[in-house]
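In: got a predicted model here, sequence first, then my questions.
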Amino acid sequence: MSKLSFDIVDGIAVLRLDNPPVNSLGHELRRALVEGLERANSDPGIQALVLIGSAAAFSGGADIREFGTPKAAAEPDLRHVIREIENSAKPVVAAIGGVCMGGGLELALACHYRAGVPGARIALPEVKLGLLPGAGGTQRLPRLIGVEAALDMIVSGATMASEKFRGTPLFDAFGDGDLLQSALGLARRVIAEGSVLRRVRDLRVDVPNARAFFQSARERVKAAAGPYPAPPACVEAVAAAVEMPFDAGLARERELFDALMRSPESAALRHVFQAERAASRIQGVPNDAPTRPIHKIGVIGAGTMGGGITMSFINAGLPVVLLETRQEALDRGLANIRRNYQGALRKGALDEAGLERRLALITPTLDYALLGNVDLVVEAVFESMDVKRQVFETLDSVLRQGAILASNTSYLNLDEIANFTHRPQDVVGMHFFSPANVMRLLEVVRGAGTGTDVLATVMRLAKTLGKIAVVSGVCDGFIGNRMLARYGSAAHDMLMAGALPHQVDAALEGFGMAMGPFRVGDLAGLDIGWARRKRMAAEFPDRDFSNVADDLCKAGRLGQKTGAGWYRYEPGSRQPIPDPEVTAIIEAYRRQRGITPRNVSAEEIVERCIYALVNEGARIIEDGIAQRASDIDLVYLNGYGFPAHRGGPMFFADQAGLRDVERALERIAAQPGSDKAFWTPAPLLSRLARQGQTFSGFTGGR
Ligand code: NAD
């Protein structure tokens, strides 16, 4: 079926792009466009052309399904189509409605005239994938809307409402009426005026004090770009539009585009883009799996997590029954929620009416009877199996049939929790991250009995909440915390080897982690891990769970909340200050174990901590806990502060080369004192390395 329809209206060819949902410019559509142009140009009865899309989209740009395949560059490529349009002997009018982005906008810019309607959304978002518009966008847009406005759009990738460009040369006609009629009217006018071909390339472009303007833009953009090369490259491309003749500018744009395409940062961002789309595909759950309606929520526990989870739901307009055991805990929880919103109020992110509207959606209660008509409950009570048992048994007796029972547990066995009820098919994990109203990650834990409709419902609900949901199987700590345990123990190894907390943190922050592990520990509170280690030690008496953090806790250093942990803190400040007392505790701990410290480099710290994540990640895939490596990357990027420009731990390993990663792991495993069972490369990693494959390319099987 053709992706383009061709009609003739009063001697004007109407080429309608027909590649739902957003008219992405895949190979078939590109070919059909070139054929349509040839047909219109060779038909003497045709005097002009109109290019139009659907109500939803003129065109959303490149076809992401073609990314990384030969089809993406197959002739005619987008630049070819654009040349054909610009060189058409008959005038071409673009009729811009709906989404007009990326390559779609570049296509429209190559047309001789443009008609627009209010409500269209215009953008060149390539920078968000670490690229720049590579089909003339950086050369043509400044000629139509001015250098400064074009630079802002290209560097930010921001979406603009079409109304903003009413009256600029971007639109030759703009109105509320029927878009096709308006475009046909414009075409008739052009014909009547002698069919002048107005090529954007021929327009003059300038900016006052160009040198100074670009100098200051370079400095500003570079400072804001961090590790990303794309925004500064966008400035260079726009500068070329001003400083060079059109064709030289185009060549410069292409050169910059090609360099960005080869950059690891862009590869990482494109990987993440694909990963987010892949995460919603769940083994054994068809895309059109039935879902259950969710209109009303219950949240059990109004502590740190219950409060944030409640905010997530009410922010999305969903009413919440918030249940606690004691009135004072309920009051405290509500006061925390209000205080959080007041912070947003002060920052201007929320107004008073918005705040009251949200709070009015909460029904606080101590009475389970109020949960009788909710569609889904999230439990966020203490992390204790006994407490979970009591809560799930009660929920089982009060919830209506078909309601979903979700647990926010961080580590406990979801299958055991499900078996406290008579409806394990309705039980699922919804593992939010703290602060739950802010963090984008949601681990959706699939129990042995979790129904496919329950999974599909929770994935859909996550989207409503604006979260990135990743499915995890059941294991200790699920995907994220199971890996975090390995990362933490690698960081501890580095302390034992001779590094100090601030050196480990600085090395990992230098790699790009949002915060080093010891700063994170101080923020979260060291008592959490201590309590957990004590529990584990009681459960597995033959294993050693000791950690130098235990000695800090015994000295009353529980983190920021006590003014001291791995660092010390001045009253009222969150600025970590390295503390000789901590050095002394660490040295004593090493001495007790007969460890002689040595010099540890930043490279060694990064290698050990990041490859610990990678090796455990490989096992998580092997065990079937994660469906794919890119899901693990999303967990680390959105829940644990892994730097986006590195694409996640598994993608980072792919980029480093799995052979090299394997050799590094073998080297660490062979070191005296190493936990060989852990550091020996995971079989999956070794197999992929041997086959010259990557985690990203691995789709299962042996
Ligand atoms: P918290 O101690 O801050 O809050 C727990 C709340 O549950 C308290 O307000 C308590 O009064 C209430 N509660 C206890 N028993 C109850 C019962 N039977 N019925 C109703 N309410 C009850 O704990 P938290 O940090 O919010 O953790 C809650 C859960 O979320 C735990 O399972 C934890 O592992 C998990 N979790 C915590 C984090 C985190 O960073 N804190 C992150 C993800 C998941």
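Out: Received the coordinates, thanks.
In: return the residues of this structure in contact with the ligand.
Out: 300-306, 323-325, 329, 380-383, 387, 390-391, 408-410, 431-434 (CB under 6 Å from any ligand atom). C-beta coordinates here come from the backbone N, C-alpha and C atoms, glycine included.
In: PyMOL command for the buried members of those residues?
Out: Only the buried entries of the residues of the chain next to the ligand go into this PyMOL selection, using 16 or more other CB atoms under 10 Å:
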select buried, resi 300+301+302+305+306+323+324+380+381+383+391+408+409+410+431+432+433
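In: in strands, which of the residues of the chain next to the ligand appear?
Out: Within the residues of the chain next to the ligand, residues falling in strands by DSSP state E are 300, 323, 431-432.
In: which one of the residues you listed is nearest Asp247?
Out: Phe432 (53.6 Å; CB to CB).
In: can you report phi and psi for the residue of the chain found nearest the ligand?
Out: Residue of the chain nearest the ligand, by CB to the nearest ligand atom: Gly303 (1.8 Å). Per-residue torsions, Gly303: phi -80, psi -150 (degrees, to the nearest 10).
In: what about stretch 234-251, distance to the chain center?
Out: 32 Å (CA atoms, centre = their mean, to the nearest Å).
In: contacts for it?
Out: Contact partners of stretch 234-251, identified using CB atoms under 8 Å, 6 or more residues apart in numbering, comprise 127, 132-133, 136, 138-139, 142-143, 147, 150-151, 154-155, 201-202, 205-207, 210, 214, 217-218, 221, 252-253, 256-257.
In: strands of the stretch 351-500 of the chain, start to end?
Out: 362-365, 376-379, 404-407, 427-432, 441-445, 468-472 (DSSP state E, counting those that start in this stretch).
In: and the third one, what's buried?
Out: Residues 404-407 are the ones in strand 404-407 that count as buried (16+ other CB under 10 Å).
In: need the contact partners of that strand.
Out: By CB under 8 Å, 6+ apart, strand 404-407 touches 292, 294, 375-379, 388, 392, 395-396, 399, 414, 417, 421, 423, 426-430, 445, 454, 457-458.
In: quick one: strands adjacent to it?
Out: strand 376-379 (parallel), strand 427-432 (parallel) (DSSP bridges).
In: then the first one?
Out: Based on DSSP bridges, the strands next to strand 362-365 in the sheet, each with its direction, are strand 320-323 (parallel).
In: which residues sit against the partner strand?
Out: Contacts for strand 320-323 (CB under 8 Å, 6+ apart): 296-302, 306, 310, 313-314, 330, 333-334, 361-368, 370-371, 374.
In: redo that, cut-off 7 Å
Out: 297-300, 302, 306, 310, 313-314, 333, 361-366, 368, 370-371, 374 (CB atoms under 7 Å, 6 or more residues apart in numbering).
In: now do that strand, average pLDDT.
Out: Mean pLDDT, strand 320-323: 98.
In: same question for stretch 196-204.
Out: Stretch 196-204 comes out at a mean pLDDT of 96.
In: what of stretch 338-355?
Out: The model assigns stretch 338-355 a mean pLDDT of 94.
In: in that stretch, what counts as buried?
Out: Buried, per 16+ other CB under 10 Å, within stretch 338-355: 340-341, 344, 350.
In: list buried residues within the contacts of stretch 234-251.
Out: Looks like those have 127, 132-133, 136, 138-139, 142-143, 147, 150-151, 154-155, 201, 205, 207, 214, 217, 221, 252-253, 256-257 buried, using 16+ other CB under 10 Å.
In: the residues you listed in helices, which ones?
Out: 138-139, 142-143, 147, 150-151, 154-155, 214, 217, 221, 252-253, 256-257 (DSSP state H).
In: which two among those are spaced furthest apart?
Out: Arg143 and Val221 (20.6 Å).
In: low-confidence ranges in the stretch 1-150 of the chain?
Out: 1 (pLDDT under 70).
In: all strands of it, in order?
Out: So, for the stretch 1-150 of the chain - with DSSP E, counting those that start in this stretch - the strands run 4-9, 12-17, 48-52, 57-59, 92-96, 99-101, 113-116, 121-123.
In: ranking those strands by burial, who's on top?
Out: strand 92-96 (a mean of 29; mean count of other CB atoms under 10 Å).
In: and the angle from that strand to strand 12-17?
Out: 50 degrees (axes from the mean of the first three to the mean of the last three CA atoms, to 10 degrees).
In: which secondary structure elements does strand 92-96 sit against?
Out: strand 48-52, strand 113-116, helix 179-192 (3 or more CB pairs under 7 Å, 6 or more residues apart in numbering; DSSP states H and E).
In: what pairs with the first one, parallel or antiparallel?
Out: Spelled out, it's strand 48-52. Assessed with DSSP bridges, strand 48-52 is paired to strand 12-17 (parallel), strand 92-96 (parallel).
In: in CSV, list the strands paired with strand 404-407 along with mean pLDDT.
Out: Below are those laid out as CSV (pLDDT from 0 to 100):
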stretch, mean pLDDT
strand 376-379, 98
strand 427-432, 98
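In: and of those strands, who's closest to Arg357?
Out: Comparing those by CB to CB, strand 376-379 comes nearest, at 21.3 Å.
In: not counting that closest one itself, show me its contacts.
Out: 294, 297-301, 309, 371, 388, 391, 395, 399, 403-408, 430.
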